[in-house]
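Asker: Structural data only, the sequence is not supplied:
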Ligand code: AMP
C-alpha cells in the first residue's frame, strides 16, 4: 500500500536488513531492537491488523510461523526460548499498521509483558 513503510521494505524501495524472504513473507531486523534477537516477520500483502485476517491468509500466516522457526534455529534461540508477538491497535502499542510478528529472544523475557 502506498505510504506503508513495511510494504516499502518488502518491495526494497527503502532499506531494511532482510534476513528471509519468499513469495509470501519477508523477515527483517527491527530498527530498534528490544532484545538481542528482534526480527519482524510480515506478509507481503498489506493487512492493517489481525482483525482483517480471513481464511485466504492461512498460507501466509503459516509461512510467517515457518520463517520464525527457521530464524529462531539459525540464531540458536529455539531451545533457549523465544516469543512471537503481534500487537493490535492502540492499547497494545501497535505503531505500524501492516501486520507483523515480532520474534524476540536471546535474553530472559519477563511475563506478563508491561
Ligand atoms: P509495533 O509497535 O508492534 O507496531 O511494532 C513496530 C516495530 O517496527 C517497532 O518495534 C519498530 O522499532 C519497528 N520499525 C519501525 N520502522 C522500522 C523500519 N524502518 N525498519 C525496521 N523496523 C522498524
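Answerer: Structure's in. What do you need? Source: prediction; values computed, not measured.
Asker: Need the contact partners of the longest strand anywhere in the chain.
Answerer: Across the chain, the longest stretch assigned as strand under DSSP state E is strand 37-43. Among residues not part of strand 37-43, those counted as contacts by C-beta atoms under 8 Å, 6 or more residues apart in numbering are 6, 9-10, 19-20, 24-30, 57, 60-61, 63-64, 67-68, 71-72, 75, 77, 82, 98-106. Yep, even glycine has a C-beta here, placed from its N, CA and C like the rest.
Asker: Out of the residues you listed, which are close to the ligand?
Answerer: 28, 30 (C-beta under 6 Å from any ligand atom).
Asker: Report the mean per-residue pLDDT for the longest strand of the chain.
Answerer: For strand 37-43, the mean per-residue pLDDT is 98.
Asker: One more: stretch 10-18?
Answerer: Mean pLDDT, computed over stretch 10-18, is 98.
Asker: Could you work out the end-to-end span of it for me?
Answerer: Start-to-end span of stretch 10-18 (C-alpha to C-alpha, to the nearest Å) is 8 Å.
Asker: Thanks a lot, see you next time.
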